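In: Fold the stuff below for me.
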Amino acid sequence: MGSRRQARELALQMLYQHELTGEPVSSIVANFEEWHRSSPAVQGFATQLVDGTLGHVEEIDGILSRQTAHWRLDRLAAVDRNILRLALYELLHLAETPAAVVINEAIEIAKKFGSADSGRFVNGVLDGFLKKKMESE
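Out: Just a heads-up that it's a prediction; the model follows:
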């Protein structure tokens, strides 16, 4: 597994735990064994993803609400919701990663951590977001 994929997976796990427990990210990191086994590069990118996602969560959730018009955010599976938040943060704020890579990574992570339908769901939401974004540009 590549270091960026590993960082995305760590970021997802931290966001998920933060959302479910309300613990500060610093406490999660302190007790997260997989974090301590990862390289400084992985930790750095994971930190950037978590901090960026949490720093822009209102903006991201607004977009996510519009993209999932028939679903309230709190009705989405927590794993799917956080995968989508991470991917939307990358698409909006980390332009150096091509959109196709961000979406593919999100789909693969959804298949690993989500339900049987998570990959298709994540793909549909992110593809719809990109199409709307391209239409408005």
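In: Of all the residues in stretch 97-116, which ones are buried?
Out: Using 16 or more other Cβ atoms under 10 Å as the burial criterion, the residues of stretch 97-116 that qualify are 99, 102, 103, 105, 106, 107, 108, 109, 110, 113, 114. Every residue, glycine included, has its C-beta placed from N, CA and C.
In: where along this structure do the helices fall?
Out: Counting by DSSP state H, the chain has helices at residues 3-21, 25-30, 33-37, 40-55, 57-67, 78-93, 99-113, 118-136.
In: picking up where we left off before, want to throw the buried residues of stretch 97-116 into TSV with distance to residue 45?
Out: Output for those, formatted as TSV (distance: Cβ to Cβ, whole Å):
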residue	distance to residue 45
99	18
102	13
103	18
105	12
106	15
107	19
108	16
109	14
110	19
113	18
114	21
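In: Can you tell me which of these is nearest residue 33?
Out: Closest approach between the buried residues of stretch 97-116 and residue 33, by Cβ to Cβ: residue 113, at 17.2 Å.
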